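**Q** Sequence and computational prediction follow.
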Amino acid sequence: MLLILVAVLGIIAAAAAVALVLVTAALHGAADRMGAEIEKVRLSEELEIALLTRTPPLAGVRPKESLHHRIDQLRPYLLTAPEGKRALEDAERAIGRDLAASAPAAAGGAAPSPALMAAVAAVDRISKLGVAQSHASLARVKGWSRIADAIAWILGTVLIAAVAVSLAWVLAVAFAPAQQIEGAMRRFAAGESSSRAAERGSAELRSVAREFNDMAGELVRRRSDEMAVLGAIAHDMRNPLAAMKAALAAVAPERALPEEPRLRHLLELVRRQMDRLIRMTDDLVDGSRLAAGTLEMKLAREDLGVIAGEVLDLYRAAAPGRELRLSLPAGPVVVRCDGTRIGQLLGNLVSNAIKYSPPETPVRVEVLREGDGAAVRVSDVGPGIPPEERSRVFEPFRRGRSADRIPGAGLGLFIAQRIAAAHGGSLEIASDAGAGARFVLRLPVGAGAPRPQEGPVGGPAETPA
């Protein structure tokens, strides 16, 4: 719409400019013609006076030469039209006859000759022709002036209307929607989570409103997810706390201590629940540090095969009977990394694979060399990750559809991806629904320092693996 208004105003301005140029040219032409006619009248009057008085225009010029000189001055003004040409020819013949007939009459002498009167009458006709043509030119000038006034009024009215329409459009289509978007943003910032902007106005404003609505919806969704995750975390923490409380109730001060095997069993129960709480707390702390970009790294040359083996040994002890397979290349795969953090990353991947795949299926860990880098692939044969969840699997507090059955804060994959990025590497996922999931960690082999973290960037966490 704005482009149409601009185009209309441009066309009007161009039309006004062309019209003014044409009218100005016509006025100049009419004025020039009027000036020529006035000059014709002046010269014919001077010729008539000179004819009557035989007065030379300059000293030393004879009357006959003076008359011919004045005729020559008139000639350019009369040859442009047939009527003027005929009038000039008649005047020249009459003046010629007069000059040939007699000399001028002396003052107070005899009456003018018929030849002189005929010559004067012929010149007078030239003068009257000039006057008539001057009036015609004046009429043309007045006519063009009226046309110019009409064009000015019409163009002025059209321009005022176009400006009024433009202002109305700006107010209705640009300013009002912009104010409405600003109001929606202000209400959303004040806590009205349902506030949305109407997608109307120009294409740019509609795009802004759409982006704001998408952002607002995403923020509301994330806030809802985070509240749900906080509830899940509280629920997951309540279970070990309840188990510890029940175990400690058996050794309350008012009761006799149980026998040693029973006591050791209770203490082992408390220790396992404490480890579980510590892991959850560590995930929350690491997640907040990674989001803030403040997680510290202690770099050294480490063998990825050794790190992967230690992680699998830990989970073999924690999940006896679960088949965990490790595949290593010939020779060590050395990278510059924080061994503890890379172990934490692989532990999160292996833990996910164990939790989200059937207990009778294996979990595979492969250490590979890839060109100038190294890779670790963790795969399972579980249910996999649906395509609609795959793009958001690394977001914090993001959990899969089995979240109600599997404990966790939803930070495992978020932490894993951030640790990979802090080492200058990457963590990728490949999954087919019903055919398991495969996570691939890629790290540079070189001894250079890792890329610095660039501040918090969102990404999901624990999801079905």
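**A** Everything's here; your move. Values in this document were obtained by computation on a predicted structure and should not be read as measured data.

**Q** From W169, how far out is G343?
**A** As judged by CB to CB, to the nearest Å, G343 and W169 stand 64 Å apart. No exception for glycine: its C-beta is placed from N, CA and C like everyone else's.

**Q** higher neighbour count, these two?
**A** Per other CB atoms under 10 Å, whichever of G343 and W169 has more neighbours is G343, with 19 against 16.

**Q** all strands of the stretch 251-400 of the chain, in order?
**A** For the stretch 251-400 of the chain, applying DSSP state E, counting those that start in this stretch gives strands covering 300-303, 324-327, 334-337, 363-370, 373-379.

**Q** Mind listing the strands the longest one pairs with, and their directions?
**A** Read it as strand 363-370. Using DSSP bridges, the strands paired with strand 363-370 are strand 324-327 (parallel), strand 373-379 (antiparallel).

**Q** again with the third one
**A** Applying DSSP bridges, strand 334-337 is found paired with strand 300-303 (antiparallel).

**Q** Would you map the helices across this protein?
**A** Along the chain, counting by DSSP state H, helices occupy 2-53, 63-78, 82-101, 114-169, 176-189, 203-249, 260-292, 304-318, 339-355, 387-390, 412-422.

**Q** Deepest in the core, which of these is it.
**A** Counting by mean count of other CB atoms under 10 Å, helix 412-422 has the highest mean neighbour count of these, with a mean of 26.

**Q** quick one: that helix to chain centroid distance?
**A** Centroid separation between helix 412-422 and its chain, computed with CA atoms, centre = their mean, to the nearest Å, is 33 Å.

**Q** name the helices or strands packed onto it?
**A** Secondary-structure packing of helix 412-422 (3 or more CB pairs under 8 Å, 6 or more residues apart in numbering; DSSP states H and E): helix 260-292, helix 339-355, strand 426-431, strand 437-444.

**Q** closest one to A7 among the strands paired with strand 363-370?
**A** With CB to CB, the closest approach to A7 among the strands paired with strand 363-370 belongs to strand 373-379: 57.0 Å.

**Q** C-alpha coordinates for the closest one, CSV please?
**A** Taking Å, rounded to 0.1, in the frame of the first residue of the first chain, the C-alpha atoms of strand 373-379 are listed here in CSV:
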residue,chain,number,x,y,z
GLY,A,373,39.9,-35.5,14.8
ALA,A,374,38.5,-38.2,17.0
ALA,A,375,35.0,-39.4,17.7
VAL,A,376,33.1,-41.4,20.3
ARG,A,377,29.8,-43.0,19.2
VAL,A,378,27.3,-44.2,21.8
SER,A,379,24.3,-46.2,20.4
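
**Q** List the contacts of that strand.
**A** 304, 308, 333, 335, 346, 349-350, 353, 363-369, 425, 436-445, 465 (CB atoms under 8 Å, 6 or more residues apart in numbering).

**Q** what mean pLDDT does it have?
**A** The pLDDT scores in strand 373-379 average 92.

**Q** Strand 426-431 and that strand, what's the angle between them?
**A** Angle, strand 373-379 to strand 426-431, by axes from the mean of the first three to the mean of the last three CA atoms, to 10 degrees: 30 degrees.

**Q** Next one: the closest residue to E323 other than its chain neighbours, what pLDDT does it get?
**A** Closest residue to E323 apart from its sequence neighbours, by CB to CB, 6 or more residues apart in numbering: P362 at 4.1 Å. pLDDT for P362: 90.

**Q** wait, doesn't P362 sit right on V381?
**A** Yes. Under the criterion of CB atoms under 8 Å, P362 makes contact with V381 at 7.3 Å.

**Q** quick one: which of the two has more around it?
**A** Ranked by neighbour count (other CB under 10 Å), P362 and V381 place V381 first, with 17 against 13.

**Q** right, and that one touches Y356 too?
**A** No. Using CB under 8 Å, V381 makes no contact with Y356, being 10.8 Å away.

**Q** Next one: A26 from I95, what distance?
**A** Taking CB to CB, one finds A26 at 37 Å from I95.

**Q** Oh, that last question was meant for Q180, not what I typed.
**A** Taking CB to CB, one finds Q180 at 89 Å from I95.

**Q** Ok, R264 next?
**A** R264 is 152 Å from I95, by CB to CB.

**Q** With P82 instead?
**A** In terms of CB to CB, P82 sits 20 Å off from I95.

**Q** can you tell which of the helices of the chain is closest to P329?
**A** Evaluated with CB to CB, those place helix 304-318 nearest to P329, the distance being 7.7 Å.

**Q** taking the mean pLDDT, what do you get for that closest one?
**A** 88.

**Q** Render the CA-only coordinates of it in CSV, please.
**A** Only the C-alpha atoms of helix 304-318 are listed here, as CSV (Å, rounded to 0.1, in the frame of the first residue of the first chain):
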residue,chain,number,x,y,z
LEU,A,304,39.7,-41.2,24.7
GLY,A,305,39.8,-45.0,24.9
VAL,A,306,40.9,-45.0,28.5
ILE,A,307,38.2,-42.5,29.4
ALA,A,308,35.5,-44.5,27.6
GLY,A,309,36.7,-47.7,29.4
GLU,A,310,36.5,-46.1,32.8
VAL,A,311,33.0,-44.9,32.1
LEU,A,312,31.8,-48.3,31.1
ASP,A,313,33.5,-50.0,34.1
LEU,A,314,31.6,-47.5,36.4
TYR,A,315,28.2,-48.4,34.7
ARG,A,316,28.9,-52.1,34.7
ALA,A,317,29.2,-51.9,38.4
ALA,A,318,26.1,-49.8,38.7
